[in-house]
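S.K.: what follows is a predicted protein model with its sequence.
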Amino acid sequence: MNIKESIVTKNPCYTCGRTITVQGLMLHSVGCPQPKASVFFNNWNKGNANVCVHAVLQADGTVLQLLPWNRRAWHCGSGKNGSGNNTHIGVEMTEPDTIKYAGGGSFKDLNPTATKDFVKKTYKTAVELFAYLCKKYNLNPEKDGVIISHSEGHKRGIASNHGDVEHIWNKYGFTMAQFRKDVKKAMSGSTAGTTEQVGGKKQEETTGTSGYLVKITADVLNVRKGPGTNYPVSTQVHAGEVYTIVGEKMNGSTKWGKLKSGAGYISLSYTKKV
């Protein structure tokens, strides 16, 4: 798995700045024969976009992260019991160009062998990503309501009436029950193959600093154990609070500041010097 941060900075989900306390993860499938995640970045990186997920994943192991993981996205609508947008990270799986939709969730498979291979690979990428996110947010993937599909969200009354991901998985022998088990298994495995990039660049270190003060401008900002969103969250800071930065590191195009307290690093994009 290779997480590439490509934030949709023009999308209202990003510009409004609303965050959530992550309680679960919701899996979607894009519902069209489109294997490229970049297409969805282009569609949703607009000020008038009315939808956005946190990430879109591909069969080759690429995960295009469109929003910070704790940003409130518009990915599942709502139901009689509220909205999963307020509690769940939303992730879309791309679909192969070997299918042709005939209306609703029904489609014609033009190349069953290639389609199943594509679905199998996106399944694998989704397992790796969800294991990573469960570790990050200390979630139990087998606990009721933690990992759900869009269709399961509808049945729980927290999502609109969609049939994904089962509409495509059921045809090739994949189930959400097995998916949750596989995520649990992956959490105890090695993560050596997981990397994260920002703006297409691997993490790079820059020179340190003798120390300066910054004021937090985001409502809630995660403090991470390392300079990047792939590191675990150690604590959070809040708007208006002032902290001393004693070191800087670049992760792609994002500058991270090391807190004097030793708690970790914060993204300096959400601060101003004082």
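M.R.: Received the coordinates, thanks. Residues are numbered from 1 along each chain as shown.

S.K.: which parts of the stretch 51-200 of the chain are strands?
M.R.: 55-57, 62-65, 88-93, 99-103, 106-109, 147-149, 195-198 (DSSP state E, counting those that start in this stretch).

S.K.: in a markdown table, list those along with mean pLDDT, distance to residue 227 and mean neighbour count.
M.R.: Glycine gets a C-beta too; all of them are placed from N, C-alpha and C. A markdown table is the format used below for the strands of the stretch 51-200 of the chain (pLDDT from 0 to 100; distance: least, C-beta to C-beta, whole Å; neighbours: other C-beta atoms under 10 Å):
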| stretch | mean pLDDT | distance to residue 227 | mean neighbour count |
| --- | --- | --- | --- |
| strand 55-57 | 98 | 20 | 26 |
| strand 62-65 | 95 | 16 | 23 |
| strand 88-93 | 98 | 22 | 26 |
| strand 99-103 | 94 | 41 | 12 |
| strand 106-109 | 95 | 43 | 14 |
| strand 147-149 | 98 | 29 | 24 |
| strand 195-198 | 45 | 10 | 19 |
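
S.K.: out of the ones you listed, flag the one nearest residue 21.
M.R.: strand 88-93 (10.7 Å; C-beta to C-beta).

S.K.: neighbouring strands for the closest one, and are they parallel or not?
M.R.: Applying DSSP bridges to the sheet, strand 88-93 is found paired with strand 24-29 (parallel), strand 55-57 (parallel).

S.K.: thought residue 147 was touching residue 130?
M.R.: Yes. Using C-beta atoms under 8 Å, residue 147 is in contact with residue 130, at 6.2 Å.

S.K.: list residues touching both of these two?
M.R.: 25, 27, 141, 179, 183 (C-beta atoms under 8 Å, 6 or more residues apart in numbering).

S.K.: possible to save those residues as TSV with neighbour count and pLDDT?
M.R.: Formatted as TSV, the shared contacts of residue 147 and residue 130 follow (neighbours: other C-beta atoms under 10 Å; pLDDT from 0 to 100):
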residue	neighbour count	pLDDT
25	25	98
27	27	98
141	22	97
179	20	97
183	25	96
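
S.K.: with respect to residue 160, which of the residues you listed is nearest?
M.R.: Nearest to residue 160 among the shared contacts of residue 147 and residue 130, with distances taken as C-beta to C-beta, is residue 27, at 14.8 Å.

S.K.: would you list every one of the helices in the stretch 101-250 of the chain?
M.R.: 112-136, 150-155, 166-169, 176-187 (DSSP state H, counting those that start in this stretch).

S.K.: closest one to residue 65 among those?
M.R.: With C-beta to C-beta as the criterion, residue 65 lies closest to helix 112-136 of these, at 9.6 Å.

S.K.: quick one, that closest one and helix 176-187 angle?
M.R.: 60 degrees (axes from the mean of the first three to the mean of the last three C-alpha atoms, to 10 degrees).

S.K.: ok, now which ones touch the nearest residue to residue 121 once chain neighbours are set aside?
M.R.: Counting by C-beta to C-beta, 6 or more residues apart in numbering, residue 121 lies nearest to residue 59, which is 3.8 Å off, once chain neighbours are set aside. By C-beta under 8 Å, 6+ apart, the contact list for residue 59 reads 35, 94, 96, 117-118, 121-122, 125.

S.K.: buried members of those into PyMOL, please.
M.R.: Selecting just the buried residues from these in PyMOL takes one command, with 16 or more other C-beta atoms under 10 Å as the test:
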select buried, resi 35+94+96+118+121+122+125
